[in-house]
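just coords:
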């Protein structure tokens with residue numbers, strides 16, 4: 001009976017580790033290629049005037065702070081998920097609640113990202129906005145291809 005419990009504990013620890021890696025990769029600080037492309041477009045190809053550069057810099061600074069706060073919240077949600085998995089040893093109510101909390105934070109990050117994009121778009125002229133829109137659509141559909 002002792003070896004069965006040890007095996008079960010090992011399997012649960014392995015599953016928790018895999019879940020942690022998966023969730024961690026979802027919220028990692030490494031920018032995706034599409035984000036990098038979008039920022040390259042903003043800063044080099046849209047020919048921003050000094051006023052636009054200043055406004056976009058302010059928007060990006062505000063978003064960076066909000067993003068950092070949400071990423072901290074996501075790390076805390078991951079810890080709660082790991083604790084729930086460790087406590088329940090299965091897919092129970094604490095695990096479900098922890099997953100729901102993780103999804104809520106991920107949703108907030110996505111909403112804040114879109115608000116940030118629309119705020120930057122609002123600084124652009126019509127031609128710049130058209131180029132920006134194409135780049136955003138490309139970034140959002142890159143994984144679907």
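Structure's in. What do you need? Everything numeric here is computed off the predicted structure, so don't read it as measured data.

number of nearby residues for residue 77?
The local packing of residue 77 (other C-beta atoms under 10 Å) involves 21 other residues. In this view, the C-beta of every residue, glycine as well, is placed from N, C-alpha and C.

List the contacts of it.
By C-beta atoms under 8 Å, 6 or more residues apart in numbering, residue 77 lies in contact with 98, 101-102, 105.

want to throw those residues into JSON lines with pLDDT and distance to residue 84?
Shown next, in JSON lines, are these (pLDDT from 0 to 100; distance: C-beta to C-beta, whole Å):
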{"residue": "98", "pLDDT": "89", "distance to residue 84": "4"}
{"residue": "101", "pLDDT": "90", "distance to residue 84": "10"}
{"residue": "102", "pLDDT": "89", "distance to residue 84": "10"}
{"residue": "105", "pLDDT": "89", "distance to residue 84": "15"}
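
What residues sit buried inside the top helix by length along the chain?
Ordering each helix of the chain by length in residues (DSSP state H) puts helix 50-88 first. Buried residues in helix 50-88, defined by neighbour count with 16 or more other C-beta atoms under 10 Å: 52, 55-56, 59-60, 63, 66-67, 70, 73-74, 77-78, 80-82, 84-85.

Out of the contacts of residue 77, which sit inside helices?
Under the assignment DSSP H, these contribute 98, 101-102, 105 to helices.

Need these in TSV (columns: neighbour count and distance to residue 113).
Shown next, in TSV, are the ones in helices among the contacts of residue 77 (neighbours: other C-beta atoms under 10 Å; distance: C-beta to C-beta, whole Å):
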residue	neighbour count	distance to residue 113
98	20	23
101	18	19
102	21	17
105	19	13
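
Cool, thanks, talk later.
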